[in-house]
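Enquirer: Generate coordinates for the sequence data below:
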Amino acid sequence: MAYVTPRLLIDRLGPRRGILVAAALICVVAAADYATGYEVRLSILYLAPIAIVAWAAGMKMGIAAAGLSSALWLLSFRTQHFYLHPGYYFWEATVMLFGFLAVVWLTVKLHRALGQADERFFSVLEEMHAAVYVADERRDEIVYANPEMIRIAGDIAALPASAFERQFAPDVGGFGDIPRLPVETGFLSGTVRHQRTGQWYLAQIGPIPWGSNPDVKLKVLTDITEQKDAELLREKHREIMHQAARQATLAEIASTLAHEINQPLMVIATYTDACQRLLSAPEPDHNEIAAALAKCHSQAVRAASIIERLREFIRQRQHRPTRCDARAVVSDAIDMMRPLLDEEQTVVDFVQASTEPIIVADRVLLVQVMANLIHNAVDAMRQIAPESRKLSVAVSSAESDEIIFSVADRGPGLGDTTVEEIFSPFFTTKADGLGLGLAICRTVAEAHGGRLWTANNPGGGAIFYLSIPVEKAAR
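Expert: Now for the predicted structure:
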């Protein structure tokens, strides 16, 4: 597209009108100078039309205007000057002429310097690998776009600036659309995503001088898709490693549990067999039976203690309840799952409570619970079209002094699966799932005196609810 260079008011005259305006002003000044007499000395006013014609029409016309102004000054006061010798009068005319010529030279040089500065500025923008455009926010129009921007978005000159910027979706904590800034602010930056191509860009925006228009912004979009993809791959690799580590830990725990608990179970089986044989005798020895049952009991206690030690090992940490904002818990969970949300092109709608919902809970555990629910919701929507992947997360206050967290997806819903099955340990619908996530989430909810339940979403999909008592310490 042909860009519109920033122009001053004098640039709008053009060479022809500039010459006409300057000639008219020179005549007005000459007439006023002649009418008021030599004592007023209005010759300095010639500088304005000389500068105008030099700026608008160039060096030659500026010199002509300077010569014309000096000649008119000579003719106006040839018989009225008060110098005792005519030489002084001509000397003043000569000095005036050279002063006018100096103004012409400076004006032309300034005009050329500004033009060269504009050329260098636009040359830099044209050669940049980043996409650059300049938007007039008062008129809602794009006044310049470099070749890279045209390659990305096509001919955007016909589009209103606001319509073009709505094609970009914000990153969490970033912009709504590409943001608009007051003139007094500096540059602002953030990440946005083109909704049609899926490309990620670093948006940098700030005010720029553009003639006399104060509402013009320079906006630079740098493609950071490769960096984003690399970040997503790193997060995915980290998640795979964590999952592999969890599976290895579970395998080790299961192996340890089987090894440790096998011996007491075998002892219990042996003594119960002995009890059965003693009871089948004609005259059972009750003392021996009691001794065998006592040994069975001790072995059962031993098995329970083994399980308890393993449970303490798996738990790894005690609950640490503190006062926290429920909205911050959800924000942390969304930030934790951001790489997965971006990878699956899932849009999150976070509806916050109007009041400040304060709870007393183990914040780390609750963040993990919300992250697990969001992860499950994203998994449930993998088979639907990307534009339909909408995830709704809400925090609200209930009348029963509870804070209700909800995560709603648009997946296939619960289907024929019962609530008991969903929260049962080792039950999963995922090919690579362990079936422990929701069971652990329910345990955490109950440890905080709350509940975790689910229902079908009326709009399609499923909704998971988590309730936590208001300012109630975790158990």
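Enquirer: what's the closest non-adjacent residue to residue 26?
Expert: residue 49 (4.8 Å; Cβ to Cβ, 6 or more residues apart in numbering). Using the backbone N, CA and C atoms, a C-beta is placed for each residue, glycine as well.
Enquirer: need the contact list for the one you found.
Expert: The contact partners of residue 49, taken as Cβ atoms under 8 Å, 6 or more residues apart in numbering, are 21-26, 29, 65, 69.
Enquirer: 6 Å instead, please
Expert: By Cβ atoms under 6 Å, 6 or more residues apart in numbering, the contact list for residue 49 reads 22, 25-26.
Enquirer: secondary structure element for residue 235?
Expert: helix 225-280 (DSSP states H and E).
Enquirer: Now do that helix, average pLDDT.
Expert: Mean pLDDT, computed over helix 225-280, is 75.
Enquirer: So which elements touch the helix or strand following it?
Expert: Following helix 225-280 in sequence order, the next helix or strand is helix 286-315 (DSSP H and E). Under the contact definition 3 or more Cβ pairs under 6 Å, 6 or more residues apart in numbering; DSSP states H and E, helix 286-315 sits against helix 225-280.
Enquirer: The nearest residue to residue 235 once chain neighbours are set aside in helix, strand or coil?
Expert: Counting by Cβ to Cβ, 6+ apart, residue 235 lies nearest to residue 339, which is 3.6 Å off, once chain neighbours are set aside. When classified by DSSP: H, G, I helix; E, B strand; the rest coil, residue 339 comes out as helix.
Enquirer: What residue spans form the domains of this structure?
Expert: Domain assignment of the chain by automatic domain parsing yields the ranges 9-127, 131-223, 228-315, 322-469.
Enquirer: residues near residue 17, how many?
Expert: Residue 17 has 13 neighbouring residues, counting by other Cβ atoms under 10 Å.
Enquirer: How about residue 462?
Expert: For residue 462, using other Cβ under 10 Å, the count is 22.
Enquirer: Now do the same contact list for it.
Expert: Contacts of residue 462 were listed using Cβ under 6 Å, 6+ apart, and they are 413-414, 454.
Enquirer: ok, 8 Å please
Expert: Taking Cβ under 8 Å, 6+ apart as the test, what residue 462 contacts is 377, 380, 408-409, 411, 413-414, 454-456.
Enquirer: And it, how far from residue 164?
Expert: Using Cβ to Cβ, to the nearest Å, residue 462 is found at 37 Å from residue 164.
Enquirer: State the phi and psi torsions of the closest residue to residue 139 other than its chain neighbours.
Expert: Spatial nearest neighbour of residue 139, chain neighbours left out: residue 215 (7.9 Å); criterion: Cβ to Cβ, 6+ apart. Main-chain dihedrals, residue 215, degrees, to the nearest 10: phi -100, psi 20.
Enquirer: To what extent is residue 215 buried, counted in neighbours?
Expert: Applying other Cβ under 10 Å, I find that residue 215 has 15 neighbouring residues.
Enquirer: rewinding a little: between the contacts of residue 49, which is nearest residue 296?
Expert: residue 22 (116.9 Å; Cβ to Cβ).
Enquirer: Test my guess that that closest one contacts residue 46.
Expert: No: Residue 22 is not in contact with residue 46 according to Cβ atoms under 8 Å; the separation is 9.9 Å.
Enquirer: Mind jotting down where the strands sit in the protein?
Expert: For the chain, strands defined by DSSP state E occupy the ranges 131-136, 141-145, 168-170, 188-194, 200-207, 216-223, 322-325, 347-351, 358-361, 390-398, 402-408, 451-456, 462-469.
Enquirer: what residues does the longest one touch?
Expert: Strand 390-398 is contacted by residues 326-327, 330, 334, 341, 346-353, 355, 357, 370, 374, 377-378, 381, 403-410, 467, 470 when judged by Cβ under 8 Å, 6+ apart.
Enquirer: same question for that strand, mean pLDDT?
Expert: 87.
Enquirer: Mind exporting the C-alpha coordinates of that strand to PDB?
Expert: Below are the C-alpha coordinates for strand 390-398, written out as PDB (Å, rounded to 0.1, in the frame of the first residue of the first chain):
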ATOM      1  CA  LYS A 390     -14.600 -23.000  25.400                       C
ATOM      2  CA  LEU A 391     -13.800 -23.600  29.000                       C
ATOM      3  CA  SER A 392     -15.800 -21.700  31.700                       C
ATOM      4  CA  VAL A 393     -14.200 -21.300  35.100                       C
ATOM      5  CA  ALA A 394     -16.200 -19.500  37.800                       C
ATOM      6  CA  VAL A 395     -15.900 -18.500  41.500                       C
ATOM      7  CA  SER A 396     -19.100 -17.700  43.400                       C
ATOM      8  CA  SER A 397     -20.400 -17.400  46.900                       C
ATOM      9  CA  ALA A 398     -23.100 -19.700  48.100                       C
END
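Enquirer: Neighbouring strands - and their directions - for that strand?
Expert: strand 347-351 (parallel), strand 402-408 (antiparallel) (DSSP bridges).
Enquirer: any idea of the angle that strand forms with strand 462-469?
Expert: 30 degrees (axes from the mean of the first three to the mean of the last three Cα atoms, to 10 degrees).
Enquirer: do the same with the first one
Expert: Direction vectors for strand 131-136 and strand 462-469, defined by the same axes, to 10 degrees, enclose an angle of 70 degrees.
Enquirer: For strand 131-136, name the packing helices and strands.
Expert: For strand 131-136, the packing partners by 3 or more Cβ pairs under 8 Å, 6 or more residues apart in numbering; DSSP states H and E come out as strand 141-145, helix 147-153, helix 161-165, strand 216-223.
Enquirer: as a whole number, average confidence for the second one?
Expert: Predicted confidence along helix 147-153 averages 81 (mean pLDDT).
Enquirer: what residues does it touch?
Expert: Helix 147-153 is contacted from outside by 1, 126, 128-133, 145, 156, 164, 167, 194, 197, 199, 221, using Cβ under 8 Å, 6+ apart.
Enquirer: I'd like the distance from it to the chain centre, please.
Expert: Chain-centre distance of helix 147-153: 22 Å, with Cα atoms, centre = their mean, to the nearest Å.
Enquirer: One more: the third one?
Expert: The chain centre lies 17 Å from the centre of helix 161-165; the measure is Cα atoms, centre = their mean.
Enquirer: buried residues in that helix?
Expert: Within helix 161-165, the residues that qualify as buried by neighbour count (16 or more other Cβ atoms under 10 Å) are 161, 164-165.
Enquirer: on contacts alone, who are the packing partners of it?
Expert: strand 131-136, strand 141-145.
Enquirer: closest one to residue 58 among these?
Expert: In terms of Cβ to Cβ, the element of the helices and strands packed on helix 161-165 nearest to residue 58 is strand 141-145, at 26.2 Å.
Enquirer: what sits up against the closest one?
Expert: Applying Cβ under 8 Å, 6+ apart, the external contacts of strand 141-145 come out as 1, 3-4, 122, 125, 131-136, 153, 156-157, 159-161, 164, 210, 216.
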